[in-house]
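Trainee: got a predicted model here, sequence first, then my questions.
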Amino acid sequence: MKDLGQLKYFLGIEVARSPRGIVLFQRKYVLDLLAETGMLDCKPSITPIEVNHKLGLYANQVPADRERYQRLVGRLIYLSHTRPYIAYAVSVVSQFMQAPSRDHMDAVYHILRYLKGSPGKGLFSRSGVISML
């Protein structure tokens, strides 16, 4: 067995240590996700989901690419491990995995625009206490 030193990066989660504690964040993961979707130059949003959203399954909705939608929502679910404040928005969009519409895909893009505004946020742990940055 070989000692690889201090943990810095593991499964898309970056680890930074300081005298005050440990920070877990996924900056590279967020930037890769934004680059994959072509949203690196988008205007950031201040909220992860629209207030009083009306997402649901309605009769005359325009369907979206289901495979792409499922892949993006899956990546957002993984991202919510270090960003619990997007968990509600991700849980809303994950309800429509079977039959996503254009409105549902727009909600996913809204979450991505929110992430654009803060790609380096994460979790801070000090002496066994975890808090959000």
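Mentor: Arrived safely, thanks for sending.
Trainee: how many other residues sit next to the closest residue in space to Arg83 that isn't next to it in sequence?
Mentor: Once flanking residues are discounted, Arg83 sits nearest to Lys121: 6.3 Å by CB to CB, 6 or more residues apart in numbering. Placement of C-beta: from N, CA and C, glycine included. Here the count is done by other CB atoms under 10 Å, and Lys121 has 19 residues near it.
Trainee: read off the pLDDT value for Lys121.
Mentor: Lys121 carries a pLDDT value of 88.
Trainee: for stretch 44-61, buried residues please.
Mentor: Residues of stretch 44-61 classed as buried under the neighbour-count rule (16 or more other CB atoms under 10 Å) are Ser45, Pro48, Ile49, Leu55.
Trainee: filter these down to the ones in helices?
Mentor: Of the positions in the buried residues of stretch 44-61, not one sits in helices, assigned by DSSP state H.
Trainee: re earlier: just checking, the residue nearest to Arg83 touches Leu24?
Mentor: No - Lys121 is not in contact with Leu24 according to CB atoms under 8 Å; the separation is 10.5 Å.
Trainee: re the thing from before, lowest-confidence one in the buried residues of stretch 44-61?
Mentor: Per-residue pLDDT puts Leu55 lowest of those, at 80.
Trainee: surely that one touches Asp103?
Mentor: Yes - contact criterion CB under 8 Å: Leu55 and Asp103 qualify, at 6.4 Å.
Trainee: okay, now the unreliable bits of the protein?
Mentor: Counting by pLDDT under 70, the chain contains low-confidence ranges at 127-133.
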